[in-house]
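J.: okay, sequence plus prediction incoming.
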Amino acid sequence: MRSSSAQVARVVTVVTFRPLVVLAVCLVAVGATSARAQTIPDSAMQSARGPLERELLADVADGRLDRFSLLAAALTVSGADDWAQVRTLEQQFQQAIAPGLVDLQTERNDARRAIAALKLLHRQVLRGSYDADGDNVITALQGGRYNCVAATTLYEVLAEAAALPVVATVMPGHVVARVQLSDHELLIDATSAEGFEHIWPANAAITRHREVRRLDQVQLVSLLYYNRAVDELAQRDFAAAYAAGMKANFLDSQHRAARTNLIATLNNWAIDRLQAERWDDAERLLQRGLQLADNEPTLRHNLTLLEARRRDVKP
């Protein structure tokens, strides 16, 4: 009995939690992106907080944001309850950037416009401080903490209003915005008002790294769900972590880390149920994980341990 318990604890530490630390905002390149028509999983719809989130999931089923803007989608993921709250927050954002937006729209030089947009964002919107865990866009918009995902999302929204050709780009451990200029690229680190760097073609190795990937708007929203899942799992709220992770995986099936952490969530949740001697619950969770990754040795190992533990405690 004690030996089995020790083996389970080892699996939780080594296999489940390591991806949560290493892959909090890191994606792995897997090729070009494309429109992705999908069937919405019933479980994803059932776990939606309310009608607004269900509407968002239905909107992105074709791989595009149609009714939702990027800002409306990000606000929904961050906790907005209804369209009235979304409109109020959108208006707050528009009022904040209004003083500098006309100058942005009349500036003909894309590089100067991109840098001015970054400074405007920090002067009028991102008045809080950087925090690696600050991925809630509502909090960032209201002057609270922000991380690279929240900041890049808001920068892309502002860039769109200023007619700037911007695409979010993820690299190991960080997310930036990329502006394609006539003869080179401008990388914008939206977490800092001074976060810009001109990348000329001859020195652009970082942008060609195999783990660098451009994200469309749906994939950027997926990353917000993914980080939310990581946060929930750190709090051991397994149901919320699974719900957010499932939505991240649905919005971006190319995001390997989302799938990995979804499996880790099921594994960790099952071990929690096993330790409470909720054998049937634990088995269902492990079997659900095996539906996602039928060759995952950790899941099969824990399923074997579960059966042994259940036999040991039978009268």
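T.: Received, thanks.

J.: all the helices of the stretch 151-300 of the chain, residue numbers only.
T.: 217-234, 238-251, 256-275, 279-292, 297-313 (DSSP state H, counting those that start in this stretch).

J.: save those as JSON lines, and put in mean neighbour count too.
T.: In short, each C-beta sits where N, CA and C put it, glycine included. As requested, the helices of the stretch 151-300 of the chain are arranged in JSON lines below (neighbours: other CB atoms under 10 Å):
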{"stretch": "helix 217-234", "mean neighbour count": "23"}
{"stretch": "helix 238-251", "mean neighbour count": "23"}
{"stretch": "helix 256-275", "mean neighbour count": "23"}
{"stretch": "helix 279-292", "mean neighbour count": "17"}
{"stretch": "helix 297-313", "mean neighbour count": "16"}
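
J.: got those as TSV, with distance to Ala61 columns?
T.: Converted to TSV, the helices of the stretch 151-300 of the chain look like this (distance: least, CB to CB, whole Å):
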stretch	distance to Ala61
helix 217-234	10
helix 238-251	9
helix 256-275	17
helix 279-292	20
helix 297-313	28
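
J.: distance of the closest residue to Ala240 other than its chain neighbours from Ser192?
T.: Using CB to CB, 6 or more residues apart in numbering and skipping the chain neighbours, the partner closest in space to Ala240 is Glu232 (4.1 Å). The gap separating Glu232 from Ser192 is 28 Å, by CB to CB, to the nearest Å.

J.: between the helices of the stretch 151-300 of the chain, which one is nearest to Ile188?
T.: Shortest distance between Ile188 and the helices of the stretch 151-300 of the chain, using CB to CB, is found for helix 217-234: 14.0 Å.

J.: report the angle between that closest one and helix 238-251.
T.: 160 degrees (axes from the mean of the first three to the mean of the last three CA atoms, to 10 degrees).

J.: and the angle from helix 217-234 to helix 256-275?
T.: 30 degrees.

J.: between the helices of the stretch 151-300 of the chain, which one is nearest to Leu121?
T.: Taking the helices of the stretch 151-300 of the chain one by one with CB to CB, helix 217-234 is closest: 15.9 Å.
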